[in-house]
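A.B. asks: Show me the folded form of this:
(one chain, ligands or ions: 1)
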Amino acid sequence: MAEEKDVKRVMIKATAQMEQIMADYFYELDTAAKDGHKPIAWCTSVGPVELLRAMGFLVYFPENHAAMLGATRMATDMIPEANAVGYTPTVCSYLTADIGAYLKGVTPLSKAYKGIEAVPKPDVLVFNTNQCRDVQDWFSWYSHEFNVPVLGIYTQRGVNEVGAALVTSVAQQIKDLVPTLEEISQKRFDLDDLKRVLALSRACSTLWQKVLFTAANKPSPLTFFDGAIHMAPAVVLRGTPQAVAYYQLLLAELEARIEKHVAAVADEKYRIYWEGMPVWGRLSAHSKLFSGLGANVLASTYCNSWIFSDFDENDPFNSMARAYTKLFIVRSDEAKEAYIKEMLDYFKVDGIVYHDAMTCPNNSNCRYGMVQRLEKETKILSLVINGDLNDLRMLSDEQTQTNVEAFIEQLEEQAG
Ligand code: SF4
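C.D. replies: All right, here's what the predicted structure looks like:
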């Protein structure tokens, strides 16, 4: 059996700065919710946040809150509350944990940020079905609960080529949001504001890509588990100068590591790609498990999902539509497989781990033969872990450990 050691992992110094900007972000939302000085929009994680910011909204992301519920291991106890109001246990455990926490009147924000007692009440909710249909149900539930409007962009999924007709349709849907948003925010739409915000989002995306792509170095200065934590500003603060400044800082730290050959996982022997959602309540445990076996899980489709290379402030609506439709999760298996192959090659990967998340079929790509097809084509060994993003009842730690150890042993044998 592959032997597990307590391997030294290098901590990221910029973390303190990230914690500060995240605290500022949540306190600003909390103040606005209390005194009403700015309107608040809730947005899906790959929704049109740039338009909302340009129109004067502060933006809150329920998926980020749901991931916090997972990471603090509160989620599993919240899910039954949502089951009781009609969401079955196999429905997205972001949705069930988040609605369950609301029904229970609890939030991890209270523990993390003194004085914050609840999530900030929305003035409007805006979703895009590019990632899944669950967000539509989730946001509609809150719309009913708070008696505020819910607006949607409906994007078809399983897209192979992102063609002009699709881009035009999504761009028009984004434009169609403007009159209602103007009414709610009491602010006229200004194209220059949108261009300014989109340029900041683009800068954030470029830097975030550079951060993630430092992992192509041998040894890698970064792990997927670091990425899952440090992606927070790319999700909730894209379109702001704070996110840009943060990723400049993080990138400089990682570049300094590369120069000094500092490995995120000491004695990196195996380089692993993660396909699927993180198991939020096991982030640290999984990080230790892999690093203890000399393996660095160093890149992922998931963290890459907040890279929006198509943003162009000179063509804001079309480029937003293109970027938010070109996303991995929106695409056909053929397009997804081409992307994964490119990443396996770029990051010089030895093995790929798929997380089959019970409650998120949209981010579980191992169910329809992709694992076998890619393994046959690339000869890169793969492992499927059964689990979930938030519901810890859906996973077996013992089974995961046994399977990961056996997988690393296979990699050892292959390496000879
Ligand atoms: S993509 Fe998956 S995890 Fe995200 S909201 Fe949709 S069902 Fe939930």
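
A.B. asks: who touches the residue in the stretch 301-416 of the chain that the ligand sits nearest to in this structure?
C.D. replies: Residue of the stretch 301-416 of the chain nearest the ligand, by C-beta to the nearest ligand atom: Cys360 (3.3 Å). Heads up, the C-betas are built off the backbone N, CA and C, glycines and all. Contact analysis of Cys360 by C-beta atoms under 8 Å, 6 or more residues apart in numbering lists Cys92, Ser93, Tyr94, Cys132, Met277, Asp388, Leu389.

A.B. asks: from those, which ones fall inside helices?
C.D. replies: Among the contacts of Cys360, DSSP state H puts Ser93, Tyr94 in helices.

A.B. asks: can you narrow the contacts of Cys360 to ones near the ligand?
C.D. replies: Cys92, Tyr94, Cys132, Leu389 (C-beta under 6 Å from any ligand atom).

A.B. asks: Out of those residues, which two sit at the greatest distance?
C.D. replies: Cys132 and Leu389 (12.3 Å; C-beta to C-beta).

A.B. asks: Near the ligand, which residues of the chain? Just list them.
C.D. replies: Residues of the chain lying near the ligand (C-beta under 6 Å from any ligand atom): Glu63, Cys92, Tyr94, Leu95, Gln131, Cys132, Asp134, Val135, Cys360, Asn362, Asn363, Leu389.

A.B. asks: now do 5 Å
C.D. replies: Cys92, Tyr94, Gln131, Cys132, Asp134, Cys360, Asn362 (C-beta under 5 Å from any ligand atom).

A.B. asks: Quick check: phi and psi on Pro39?
C.D. replies: phi -70, psi 150 (degrees, to the nearest 10).

A.B. asks: still on that earlier bit, mind putting the ones next to the ligand among the contacts of Cys360 in JSON lines, distance to Ala232, pLDDT and neighbour count included?
C.D. replies: Listed next are those as JSON lines, based on distance: C-beta to C-beta, whole Å; pLDDT from 0 to 100; neighbours: other C-beta atoms under 10 Å:
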{"residue": "Cys92", "distance to Ala232": "20", "pLDDT": "98", "neighbour count": "28"}
{"residue": "Tyr94", "distance to Ala232": "15", "pLDDT": "98", "neighbour count": "29"}
{"residue": "Cys132", "distance to Ala232": "21", "pLDDT": "96", "neighbour count": "22"}
{"residue": "Leu389", "distance to Ala232": "15", "pLDDT": "98", "neighbour count": "27"}
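
A.B. asks: can you put the residues you listed in TSV and add distance to Lys187?
C.D. replies: Converted to TSV, the ones next to the ligand among the contacts of Cys360 look like this (distance: C-beta to C-beta, whole Å):
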residue	distance to Lys187
Cys92	33
Tyr94	30
Cys132	31
Leu389	36
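
A.B. asks: For the longest helix anywhere in the chain, enumerate the helices and strands it packs against.
C.D. replies: In the chain, with assignment by DSSP H, the single longest helix is helix 191-213. For helix 191-213, the packing partners by 3 or more C-beta pairs under 8 Å, 6 or more residues apart in numbering; DSSP states H and E come out as helix 49-54, helix 224-230, helix 232-236, helix 241-259, helix 301-304, helix 316-325.

A.B. asks: Tell me which of the ones you listed sits most buried.
C.D. replies: Highest mean neighbour count among those (mean count of other C-beta atoms under 10 Å): helix 49-54, with a mean of 26.

A.B. asks: And it, how far out from the chain middle?
C.D. replies: 18 Å (C-alpha atoms, centre = their mean, to the nearest Å).

A.B. asks: what about the next helix or strand after it, average pLDDT?
C.D. replies: Using DSSP states H and E, the helix or strand that directly follows helix 49-54 along the chain is strand 58-60. Averaged across strand 58-60, the pLDDT comes to 98.

A.B. asks: All set now, cheers.
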